[in-house]
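S.K.: generate coordinates for the sequence data below:
(chains A and B)
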Amino acid sequence: MKTKIQELRKQRKLSQEDLAMAVGVSRQTITSLEREKYTASLILAYKISKYFGVTIEEIFDFSDVEEK
Amino acid sequence: MTVYKKSIKTRLVLFLVSFVVVSALFAISFLTLNASKSNAAGDFINGYRFGISFSVLAGLIYYIIYYYLILQSEEKLRKSYIDETDERKIMIAQKAGSNGMGLVVLGLAIASVISSFFDDKVSITLIITCLVTVLIHSGLKLYYKNKF
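M.R.: From the prediction side, this is the model:
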């Protein structure tokens, strides 16, 4: 899933480690999220959006999610 | 974090008790060093019993020191908490079947040590099975780590 995590993180001059500690996950998880290899859970998505002060939809791109 | 700190303290106590028990087993394996037949398999089994109790002892000492140091620092405690509750790590462990595989490997290891006192062939077969299971599990974890 595409995200704007890297963009928002760099805007605030944060390292992956800083963001990881702030939202309570490992740095590898942040790396995987930014590489679009891992999809965050609802709780993690909420924590990240709350940390950046934006909505979940502004960070995570749901346009690729297909309707069955 | 209070609950996690309490669980670390519990683990520390359990590991200290285990240390005493394994030390006794280590002493037994040292004293029964020549209990098996004096052939290639027997020598291997003697070394295996001695080696496995030594490595378990070393592992226990490492974790006792690790948990003690974690309890002294709030930052280390938080890092350890994050590492243990990381959702991606938990997902990878679940996909690789870590819980089940861990129990199987532990059971095989214990069985291999107990059987070493009775039959060398059975013990060696169990050791090889244990190693193959560990390899398969490691392969699965590596696969899912790269995938996610």
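S.K.: could you check which helix or strand contains the closest residue to residue A:38 other than its chain neighbours?
M.R.: In space, and not counting its chain neighbours, residue A:38 is closest to residue A:32: 3.7 Å by CB to CB, 6 or more residues apart in numbering or on different chains. C-beta here means a position set from N, CA and C on the backbone, and glycine is covered the same way. Using DSSP states H and E, residue A:32 sits in helix A:27-34.
S.K.: how far does that helix sit from the chain's center?
M.R.: Computed by CA atoms, centre = their mean, to the nearest Å, the separation of helix A:27-34 from the middle of its chain amounts to 8 Å.
S.K.: next secondary structure after that helix?
M.R.: The C-terminal neighbour of helix A:27-34 among helices and strands, as given by DSSP H and E, is helix A:42-52.
S.K.: which helices and strands does that following helix pack with?
M.R.: Packing contacts for helix A:42-52, counted by 3 or more CB pairs under 8 Å, 6 or more residues apart in numbering or on different chains; DSSP states H and E, involve helix A:16-23, helix A:56-59.
S.K.: secondary structure element for the residue minimising distance to the centre of chain B?
M.R.: For chain B, the residue nearest the mean C-alpha position is residue B:56 (6.4 Å; CA atoms, centre = their mean). Element membership for residue B:56, per DSSP H and E: helix B:40-72.
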